[in-house]
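Engineer: Got a predicted structure here, sequence first:
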Amino acid sequence: MSNYDRFTSARAGAGVARSGTGAIDQGLRAYMLGVYNYMTLGLGVTGFVSLGAYLASAPVFVGNHLVSVNGFGQALYFSPLRWVVIFAPLLIVFGLSAGRDRMSVNAARLTFLAFSALMGLSLSTVFLVYTGASVANVFFITAASFAALSLYGYTTRRDLSAMGSFLIMGVFGLIIASLVNIFLHSSGLQWAISVLGVGIFAGLTAYDTQTIKANYYAGGAWEMSEKKSIFGALTLYLDFINMFQFLLMLFGDRRN
């Protein structure tokens, strides 16, 4: 992972005073690399926990139909514990947002990793619903799309703030539509939600990357820069996970 000690002398203001644009660019590259390192670490934890939980539940399929899971799987997927697994990551995100200024770097880092692990437990259900091959294919599609969109957000000179405000409003619309569809069970509405979800989080990936880049230029001491990289990683992590889920709903091969 990048050495963030260099931020104390390579952040926006200090870079101009000492070494000019080259020092700023070097500091920015180190900062963004740190963001992507944290994000990749979070995705790795999520994938490891997700696959581990699925295998630990010892699912038995006949054809593409789930027949049984062991006691661990019953508790994780079919008992009231599943609601804790589903909503715990949301509570952690709220906690991170509310306490970000008071948290130490270590606390923010550990909380992010705990969030990633809980997301892994929650996402382990995708292996029960979709074939392993389609999960892998959609993951690589998501990774390629995310890389291209984030690169655009990093390099473009266009101000994406207006688009970002519109997309954030779209996220709230997705949440409301998804809650409504819990009761309607409409396949047509679910398809529309998935299509809109892919578009919204694709746009947010570019917007959030540009915002994270702008946050670097706001400057700050080492601890503040480190925490900004962790929270930036969390933002991009959420964009990736949501885009992956919506793409899986569109293109994943269901088991039954």
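Structural biologist: On my side now, so go ahead.

Engineer: so what's residue 244 closest to, chain neighbours aside?
Structural biologist: Distance criterion CB to CB, 6 or more residues apart in numbering; nearest residue to residue 244, sequence neighbours excluded, is residue 142 at 4.3 Å. C-beta here means a position set from N, CA and C on the backbone, and glycine is covered the same way.

Engineer: Ok, residue 59 next?
Structural biologist: Nearest-residue entry for residue 59: residue 69, 5.1 Å, with adjacent residues in sequence omitted and distances by CB to CB, 6+ apart.

Engineer: Only the buried residues of the helix of greatest length in the chain, if you could.
Structural biologist: The single longest helix within the chain, with elements called by DSSP state H, is helix 21-56. Neighbour-count burial for helix 21-56, with 16 or more other CB atoms under 10 Å as criterion, is recorded at 23-24, 27-28, 30-32, 34-36, 38-39, 41-43, 45-46, 49-51, 53-54.

Engineer: Name the next helix or strand downstream of it, please.
Structural biologist: strand 60-62 (DSSP states H and E).

Engineer: Partner strands of that following strand and their direction?
Structural biologist: Strands adjacent to strand 60-62 in the sheet, as given by DSSP bridges, are strand 65-68 (antiparallel).

Engineer: which element follows the strand it pairs with toward the C-terminus?
Structural biologist: Next in sequence after strand 65-68, counting helices and strands by DSSP H and E, comes helix 71-73.

Engineer: Do me a favour and average the pLDDT over that following helix.
Structural biologist: For helix 71-73, mean pLDDT rounds to 96.

Engineer: Identify each buried residue in that helix, please.
Structural biologist: Of all the residues in helix 71-73, those buried under the rule 16+ other CB under 10 Å are residue 73.

Engineer: next one: stretch 220-240
Structural biologist: 220, 224-240.

Engineer: Which members of the residues you listed are positioned in helices?
Structural biologist: When the buried residues of stretch 220-240 are checked against helices (DSSP H), the matches are 224-240.
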